[in-house]
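Peer 1: Attaching a predicted model along with its sequence, questions to come.
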Amino acid sequence: EPEVTQTPSHQVTQMGQEVILRCVPISNHLYFYWYRQILGQKVEFLVSFYNNEISEKSEIFDDQFSVERPDGSNFTLKIRSTKLEDSAMYFCASSEGYGTSYEQYFGPGTRLTVT
Amino acid sequence: GQQLNQSPQSMFIQEGEDVSMNCTSSSIFNTWLWYKQEPGEGPVLLIALYKAGELTSNGRLTAQFGITRKDSFLNISASIPSDVGIYFCAGHPSQGGSEKLVFGKGTKLTVNP
C-alpha cells in the first residue's frame, strides 16, 4: 500500500540553524501539506501546496518557513533560523485531488528538537 | 476561528467493551474525518464522512456526521488491546476554498486486557 515517507525521523539542531525536513508524498497525489504537533497537543495546519505553489498557510507559517517541491517526488519544509518553540513533530500529508482532497494521508513524522 | 471540542479526553476500558467518543464545534464543517495516532507515529485515517447524517462503518468502527454539520461521533465495538492510541477528529471548514484540516485535541484510549 502506498504511503507517505519522511526523513529524517529525528533531527536535533541548535537555535538559529537552518533545517530542511523532507517528504515523499504518495505518487499520484496532487495536494501536499505540512502540519506540526507540539508534544501532547493537537495537530496544527501549517501550509498546503498545489500546482507548485502555496495554496494556503496558517499564521504559524511565517517568513522563517518555506516549502519546495524540488523534483517530481520530494516535498520539503525549510525553517531558516530555528527557535526553541519550533521543537515539535512535523507531519507531511498528501491527498489525491479535488473531491477527495479532504482524505489526507500522513507520514510518520520528523521529530525536531531545537536546543 | 474554527475549533473542535473532543470528549472525553481519556478513557480507560476493559477489553471487549464498546467505546464512544465525540466531537463538537460551533462552526459548520463540510467533512469530518477520524484518525488514530499511536506513540511516535503519524495519524492514520480511519473514516471519512462527507454528508450530514451519514453513518459509515469500517470493521468495528462506526462514525456519524451530525445533521447540523457541527458534530460527529466515533464508536468502537468489542475493543481489543490494539485499539490503544489517541483518536482525533478532524474537520474541513466550510469556508470556501480552504483545504486545511482542523483537529480536535484527541481522546486517549487505554484498553485493559
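Peer 2: Thanks, I have it.

Peer 1: Count the neighbours of residue B:26 for me.
Peer 2: Residue B:26 is flanked by 9 other residues according to other Cβ atoms under 10 Å in any protein chain shown. To be clear about C-beta, it is placed using only N, CA and C from the backbone, and glycine gets the same treatment.

Peer 1: Then residue B:82?
Peer 2: 8.

Peer 1: Looks to me like it is in a helix.
Peer 2: Yes - with DSSP: H, G, I helix; E, B strand; the rest coil as the criterion, residue B:82 is part of a helix.

Peer 1: which ones are touching the residue nearest the centre of chain A?
Peer 2: With distances taken as Cα atoms, centre = their mean, residue A:34 lies nearest the centre of chain A, 3.0 Å away. Shown here is residue A:34, whose contacts under the criterion Cβ atoms under 8 Å, 6 or more residues apart in numbering or on different chains are A:21, A:23, A:46-47, A:67, A:77, A:90-93.

Peer 1: Just the element for the closest residue in space to it that isn't next to it in sequence, please.
Peer 2: When the adjacent residues along the chain are set aside, residue A:34 lies closest to residue A:46, with 4.3 Å between them (Cβ to Cβ, 6 or more residues apart in numbering or on different chains). Assigned by DSSP states H and E, residue A:46 belongs to strand A:43-50.

Peer 1: Whatever helix or strand comes next after that strand near chain B anywhere?
Peer 2: Counting by DSSP H and E, the next helix or strand C-terminal to strand A:43-50 is strand A:53-57. Yes - contact of strand A:53-57 with chain B is found when judged by Cβ under 8 Å from any Cβ of the partner chain, involving A:55-56.

Peer 1: Can you tell me what sits against strand A:53-57?
Peer 2: Residues outside strand A:53-57 that contact it (Cβ under 8 Å, 6+ apart): A:31, A:46-49, A:67, B:97-100.

Peer 1: Count the residues that sit near residue B:73.
Peer 2: Residue B:73: 18 neighbours (other Cβ under 10 Å).

Peer 1: helix/strand/coil for the spatially closest residue to it that is not a sequence neighbour?
Peer 2: Distance criterion Cβ to Cβ, 6+ apart; nearest residue to residue B:73, sequence neighbours excluded, is residue B:22 at 4.1 Å. In terms of secondary structure, residue B:22 is strand; the call rests on three-state DSSP.

Peer 1: Next up, the contacts around residue B:22.
Peer 2: B:6-7, B:71-74, B:89.
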